[in-house]
Each structure stands twice: as C-alpha cells, then as structure tokens.
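Visitor: next comes the sequence, and after it the predicted model I'd like to discuss.
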Amino acid sequence: MTTRVWDYLKEYDSEREDILDAVTTVLESGQLVLGQSVTGFENEFAAYHGVPHCTGVDNGTNAIKLALEALDVGPGDEVITVSNTAAPTVVAIVGAGATPVFVDVREDDFLMDTDQVEAAITPRTKVLLPVHLYGQCVDMAPLERLAERHGLKILEDCAQSHGARHHGRIAGSMGDAAAFSFYPTKVLGAYGDGGAVITSSDEVQKAMRQLRYYGMEKVYYVVRSPGHNSRLDEVQAEILRRKLTRLDAYLEGRQAVARRYEEQLGDVTGEGGLLLPSVNEGNTHAFYVYVVRHPRREEIIEALKQFDIALNISYPWPVHTMSGFAYLGHGEGSLPVTERLAKEIFSLPMYPSLPQDTQEKVVSALRDVLAGF
Ligand SMILES: *Cc1c(COP(=O)(O)O)cnc(C)c1O
C-alpha cells in the first residue's frame, strides 16, 4: 500500500466504538441541529483554551470569515496576513469583503515576518491575521505592540495549531479572536467539516452567534443585519467532544514522530541540503505537518515514488501568485522568501498513529535518495 503523508483509518480502527457511539448518541437525542453536543463542545473547547466563549461553525474558512465580520471588518478594510498559507485564509478575507495585504515570511521558520508588518499598515488596516502555520505560533509580542499602537485587532488563524503553545500561552487565546478548522486532516479533526471561533470578547461572541444563524438575534427572531447559515453539525460536534479529550495524546504522538525524524535524519541535514523544521524558543510545536526543505525537492519526490511513498507540498503555489488574486497586485517577485520556499519545501508523513515501521521505511528511502546526490 502507498505510504501517504496522512491517513485516518488507523485512528478510526482504534477509536471506532467511541466514534460510532457519538453518532448514535446524536441520532437518538431527538435534536439534530444546535443541540446539546454543539453546546457541550463549545463549552469544552473554550475551557481547553481558558477563554469564556466559543461558537461552533461549519468549517474553518467560514470561521475566519465570520470572525472578521464579528470584528467589524468589511468592504474598504485591509487585513494583513501571509501568502505562505492555505488559500482559504485569503479566500475568507475576500469573503468578508475586505482586501488581503501580504507580508513575506521568515527564512528560518516560514512564519509571518513580523518586522515587515508595520510598513504594510495603512489608514484602512483593521486586522492583523497571523497564521500559526504547520503547528507553530507566530511571534505575538511584536504584533501585540503594533495592534496597540495603531488601534488594530488580531485574529489568529489556528487551523493548523490546535494545542500549540507560545511562551506558556495556548494558540487561540492570544488575539481578539481565533479561528479553528476541524477538517479531518487537522490536529483536531472531525469526520467531515467543522470549525469554531473562540474569543474573550462578549461583543465578538454576540456577533458570532448572530452571524452563524442568518443574522438573527434570537432563534426565530428578527434579522437586523443579514448573516449566514454556518452552524456546526451536531454529529461532528459530538465526535469532536470525544476527540477533544484525546487532543493532548494526539499532540504527544505527533511530537514523538517529529523526535524520531530528528534522531534518524539529523546527521544528513545541512546548509544547502536537507533542512528539518526549526522550533523557536518558547514554542511548543503541534506538528500539523512536518515540512522539510531541500533545493532538489522535485527529484526527491520523484525518487520516493519508486518506494511507493507519496509526499505532499504545503504549499506549492503561493497564494499571491494564483490568478484569482492577481487583482491584489502582489505580483511574482514581490514576496521573495515565500516564492523561494514554495519551490523547496515538502512534507514527510505526519500523524499520531503513524506506525514506526512506516516512518522508518520513509527515513531509509529518503536517506538512500540523499546519499545518491
Ligand atoms: C485548513 C485551513 C483553513 C480552512 O479550513 P477549512 O475547514 O478547510 O475551511 C484555513 N486556514 C488554514 C491555515 C488551514 O490550514
């Protein structure tokens, strides 16, 4: 069987009873939409992050879009983010009617270069949107200083960073709001689509509740400002409740896989060759994906196919170079680090239930290929 970067079937094998019980519990509860599973998950997910509020929504893209709208972002406003991210980050900004503005990422950790943010701020800037990419948190202190000085809000894109930590704080608890995805591949994944927004602001929470429910102030009440239908599904919420109790174990599993890669590949890394992920001081990495770098990436990916190993790239096309975002005017060459990385990065298999022998097979194949260069 082909070795892939992600696979949920092993996890399902070991959690089957609990997952099926979650499904049955909802189907037998008599309430299929916004019932006790969504409420229960919202309370438990907020508590996990030490914040008072959570609103479950239908996916991570809409979590970002609705959170921006709850932060009063709309047409004419600018949101500063990165191009080295999943396209939905940017799709959501456009979906809220705002204009995405990109800064480059750093050469060492591939995260938002916070030194470039101030120069990107204009009178129209409303929100700074750091993406805690691959499972590692962006440096928040410089962003917090800029937000304070320029009267901006911070929205954390936590779609890849469930449970990641930054100087003792948990991802999602640091901004004015944070958006999560529970797409199946994510560190906390549903068995379908799901998302959530957490916040400490009563005002943002009130807006989120309305925005996900057509814009109604109360159930079957009045729409003052039209919203969306973006509810988290009750079955997915019950599955997520069960899986949330295992999130810390998933994180430990991912960190163990990362440690083994370091142990088994550390001696073949080096400048101009293979580079493994760097973890910044004060960060606990959630290792959503295990992104490595090599100038001869295409050859490596081709060669590993001979070993029946299929690798992924997160992400091969920087968002600002996609034709759908050409109108933003960030042309090719405008974000040199992002563009260079996109040609050299690739991901090794990473998920908590990745069998050790599968990982060893990947390591030994990769070592073989590198030895041939
Ligand atoms: C997955 C992801 C999203 C979108 O989440 P969906 O649930 O797929 O809509 C947004 N931002 C980032 C960084 C992601 O990885």
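Guide: Nice, I can see it. Residues are numbered from 1 along each chain as shown.
Visitor: show me what stretch 216-232 is in contact with.
Guide: For stretch 216-232, the external contacting residues (CB atoms under 8 Å, 6 or more residues apart in numbering) are 33-34, 38, 41, 56-59, 62, 66, 69, 194-196, 210-215. Using the backbone N, CA and C atoms, a C-beta is placed for each residue, glycine as well.
Visitor: mind running it again at 6 Å?
Guide: Contacting residues not belonging to stretch 216-232 are listed as L34, V38, G56, V57, D58, N62, G194, Q210, L211, R212, Y214, G215 [CB atoms under 6 Å, 6 or more residues apart in numbering].
Visitor: can you add neighbour count and pLDDT and give the residues you listed back as a markdown table?
Guide: Putting those into a markdown table (neighbours: other CB atoms under 10 Å; pLDDT from 0 to 100) gives the following:
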| residue | neighbour count | pLDDT |
| --- | --- | --- |
| L34 | 17 | 96 |
| V38 | 27 | 98 |
| G56 | 28 | 98 |
| V57 | 29 | 98 |
| D58 | 21 | 98 |
| N62 | 26 | 98 |
| G194 | 29 | 98 |
| Q210 | 23 | 95 |
| L211 | 24 | 97 |
| R212 | 26 | 97 |
| Y214 | 15 | 94 |
| G215 | 17 | 93 |
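Visitor: and the residue of the stretch 1-150 of the chain nearest the ligand?
Guide: Distance from the ligand to each residue of the stretch 1-150 of the chain (CB to the nearest ligand atom) is smallest for G60, at 2.4 Å.
Visitor: tell me the buried residues in stretch 294-301?
Guide: In terms of neighbour count (16 or more other CB atoms under 10 Å), stretch 294-301 has its buried residues at H294, R297, I300, I301.
Visitor: in helices only, show me the contacts of stretch 216-232.
Guide: The helices, defined by DSSP state H, take in V38, N62, Q210, L211 from the contacts of stretch 216-232.
Visitor: and these, which is closest to G333?
Guide: Taking CB to CB as the measure, N62 is the one of these closest to G333, at 32.6 Å.
Visitor: mind listing what the closest one touches?
Guide: Here N62 is in contact with S230 (CB under 6 Å, 6+ apart).
Visitor: swap in L354?
Guide: Listed by CB under 6 Å, 6+ apart, the contact set of L354 reads V257.
Visitor: can I assume it sits in a helix?
Guide: No. L354: not assigned to a helix; according to DSSP: H, G, I helix; E, B strand; the rest coil it is coil.
Visitor: can you pull the pLDDT of it?
Guide: Listed pLDDT for L354 reads 93.
Visitor: three-state assignment of P100?
Guide: Following three-state DSSP, P100 is assigned to strand.
Visitor: ok, it to L66 distance?
Guide: As for P100, its distance to L66 is 17 Å (criterion: CB to CB, to the nearest Å).
Visitor: who's V101 bridged to?
Guide: With DSSP bridges as the criterion, V101 is bridged to I80.
Visitor: wait, it touches V82, no?
Guide: No. Using CB atoms under 6 Å, V101 is not in contact with V82; the gap is 10.2 Å.
Visitor: and stretch 192-203, which residues are buried?
Guide: D193, G194, G195, A196, V197, I198, T199, S200, S201.
Visitor: sorry, back to before: neighbour-wise, which of P100 and L66 wins?
Guide: A count of neighbours by other CB atoms under 10 Å puts L66 above the other of P100 and L66, at 29 against 23.
Visitor: wasn't the more buried one part of a helix?
Guide: Yes. Counting by three-state DSSP, L66 is part of a helix.
Visitor: residues in contact with it?
Guide: Going by CB under 6 Å, 6+ apart, the list of residues near L66 reads L211.
Visitor: how far out from the middle of the chain is stretch 299-308?
Guide: Chain-centre distance of stretch 299-308: 27 Å, with CA atoms, centre = their mean, to the nearest Å.
Visitor: re earlier: just send the buried residues of stretch 192-203 back as TSV, with distance to R224 too.
Guide: Converted to TSV, these look like this (distance: CB to CB, whole Å):
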residue	distance to R224
D193	28
G194	27
G195	24
A196	24
V197	20
I198	24
T199	21
S200	24
S201	19
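Visitor: reformat those residues as JSON lines; add distance to the ligand.
Guide: As requested, the buried residues of stretch 192-203 are exported to JSON lines (distance: CB to the nearest ligand atom, whole Å):
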{"residue": "D193", "distance to the ligand": "6"}
{"residue": "G194", "distance to the ligand": "7"}
{"residue": "G195", "distance to the ligand": "5"}
{"residue": "A196", "distance to the ligand": "10"}
{"residue": "V197", "distance to the ligand": "12"}
{"residue": "I198", "distance to the ligand": "15"}
{"residue": "T199", "distance to the ligand": "17"}
{"residue": "S200", "distance to the ligand": "21"}
{"residue": "S201", "distance to the ligand": "21"}
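Visitor: show only the entries of these found in strands.
Guide: Those of those mapping onto strands are G195, A196, V197, I198, T199, per DSSP state E.
Visitor: got the contact list for the nearest residue to the first one once chain neighbours are set aside?
Guide: Spatial nearest neighbour of G195, excluding adjacent residues (CB to CB, 6 or more residues apart in numbering): A63 at 3.7 Å. A63 sits next to V57, A179, G195, V197 when contact means CB under 6 Å, 6+ apart.
Visitor: mind listing the helices for the stretch 151-300 of the chain?
Guide: For the stretch 151-300 of the chain, the helices defined by DSSP state H, counting those that start in this stretch occupy 202-211, 234-244, 247-265, 297-305.
Visitor: how far off centre is the third one?
Guide: When you say that, I think you mean helix 247-265. Computed by CA atoms, centre = their mean, the chain-centroid distance of helix 247-265 equals 18 Å.
Visitor: now what about that helix, what contacts it?
Guide: Here helix 247-265 makes contact (CB under 6 Å, 6+ apart) with G163, L188, A286, F287, M350, P352, L354, Q359, V363.
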